[in-house]
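1. Next one to model:
(one chain, ligands or ions: 1)
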Amino acid sequence: MKRFDAHCHLQDKRLARQLPRIIQTWNSSGGGFLVSCGTQEADWEDLIAIAGKADTVLPCFGVHPWYVNTLSSGWEETLGHCLGRIPSGVGEIGLDFTTDAPDRQLQEAVFITQLTMAQALRLPVSIHIRKAWDSFIRILKQVGPLAGGGLIHSFSGSGDMVPLFERHNLYISFSGAVTNPHNKKAGKALKAVSPDRLLMETDSPDLLPRLPVPAKDKINTPANLLVIAEASANILKIPTKSLVQQTFDNGTRLFNQLINPN
Ligand SMILES: [Zn+2]
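-> Next up is the predicted model:
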């Protein structure tokens, strides 16, 4: 059956060698869509090339908070140009206030610039938030409900915040973290999300879920989405099939403008 991986990074160099096989396996085992997010200027061209070859891949362009130190002087213009070249969303953008992350003021400025661009173009946004919930909520309230919608990827916040995010036209996406039975917070948050706002993602090649047979190379691929779906469906006490269908419907609604109607 068709699946929707709401957040991954297919242009990541760690996947380069196996990418044709990854996309072929995805298509032959039911198909669906893979939202691949850029993280820095250096990977946007690779992403355009991958998305150009596969209708299955829905691209987003953006600067991840970890890479705000790598920006060239004309980065906003380059980003606007990429967004205009092919149907695409904005991401991965956000705030990361864990230790070792770049300067917080710079992160906020780059995030606001990209969020404002997405608002003006009415494009869907893929958002990364780590230990920066207060700042994110302040910015979100200033910007207002997202015109083209968006998602918070690999959600690590509490369930109490979910209604506020849903009112701002955000979807909530869960990753391999839900396969860890000790992660009670993720399970609680999962239950707080409205069925029509729920998404699933692998974040490939990162965030490898707990697998029945552990992957030798520690590289995550979109094929593992079903493991995440099963764990989530168990927590929600619903059939895995219903959850896969629900998240496919939600993903195609949010990213509708990126999907080739043919
Ligand atoms: Zn990511």
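
2. Next, count neighbours for residue 231.
-> Residue 231 has 25 neighbours, counted by other Cβ atoms under 10 Å. Just so you know, the C-beta spots here come from the backbone N, C-alpha and C atoms, and that holds for glycine as well.

3. Tell me the pLDDT of residue 181.
-> Note for residue 181: predicted pLDDT of 85.

4. The ion versus that one, what's the distance?
-> With the distance defined as Cβ to the ion, to the nearest Å, residue 181 ends up 23 Å from the ion.

5. contacting residues for residue 48?
-> 59, 82, 85-86 (Cβ atoms under 8 Å, 6 or more residues apart in numbering).

6. so where do the strands sit in the stretch 51-200 of the chain?
-> 57-61, 89-96, 125-130, 150-152, 170-174, 198-200 (DSSP state E, counting those that start in this stretch).

7. average pLDDT for the second one?
-> Here the mean pLDDT over strand 89-96 is 98, rounded to a whole number.

8. Show me what it is packed up against.
-> On a contact count with 3 or more Cβ pairs under 8 Å, 6 or more residues apart in numbering; DSSP states H and E, strand 89-96 meets strand 32-37, strand 57-61, helix 104-121, strand 125-130, helix 133-143.

9. want to throw the ones you listed into JSON lines with distance to the ion, mean pLDDT and mean neighbour count?
-> Supplementary listing: those in JSON lines, determined by distance: least, Cβ to the ion, whole Å; pLDDT from 0 to 100; neighbours: other Cβ atoms under 10 Å:
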{"stretch": "strand 32-37", "distance to the ion": "6", "mean pLDDT": "98", "mean neighbour count": "26"}
{"stretch": "strand 57-61", "distance to the ion": "10", "mean pLDDT": "98", "mean neighbour count": "26"}
{"stretch": "helix 104-121", "distance to the ion": "15", "mean pLDDT": "98", "mean neighbour count": "18"}
{"stretch": "strand 125-130", "distance to the ion": "6", "mean pLDDT": "98", "mean neighbour count": "25"}
{"stretch": "helix 133-143", "distance to the ion": "16", "mean pLDDT": "97", "mean neighbour count": "15"}
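
10. I figured residue 175 was touching residue 208, is that so?
-> No: with contact defined as Cβ atoms under 8 Å, residue 175 does not count as touching residue 208 (9.8 Å).

11. Now for the residue nearest to residue 171 when sequence neighbours are not counted: which residues touch it?
-> Distances taken as Cβ to Cβ, 6 or more residues apart in numbering put residue 151 closest to residue 171, at 4.2 Å, once the chain neighbours are dropped. Residues counted as contacts of residue 151 (Cβ under 8 Å, 6+ apart) are 6-7, 124-127, 170-173, 199, 254.

12. Pick out the residue in the stretch 101-250 of the chain sitting closest to the ion.
-> Nearest residue of the stretch 101-250 of the chain to the ion, counting by Cβ to the ion: residue 203, 4.7 Å away.

13. what residues are up against the nearest residue to that residue once chain neighbours are set aside?
-> Closest residue in space to residue 203, ignoring its immediate chain neighbours: residue 175 at 5.0 Å, by Cβ to Cβ, 6+ apart. Neighbouring residues of residue 175 by Cβ under 8 Å, 6+ apart: 7, 153-154, 200-203, 207, 209, 228.

14. For those residues, give me JSON lines that also has distance to residue 36.
-> As requested, these are exported to JSON lines (distance: Cβ to Cβ, whole Å):
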{"residue": "7", "distance to residue 36": "9"}
{"residue": "153", "distance to residue 36": "12"}
{"residue": "154", "distance to residue 36": "15"}
{"residue": "200", "distance to residue 36": "15"}
{"residue": "201", "distance to residue 36": "11"}
{"residue": "202", "distance to residue 36": "11"}
{"residue": "203", "distance to residue 36": "11"}
{"residue": "207", "distance to residue 36": "15"}
{"residue": "209", "distance to residue 36": "18"}
{"residue": "228", "distance to residue 36": "17"}
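
15. So of those, which two are at opposite extremes in space?
-> Largest separation among the contacts of residue 175 by Cβ to Cβ: 153 and 209, giving 14.7 Å.
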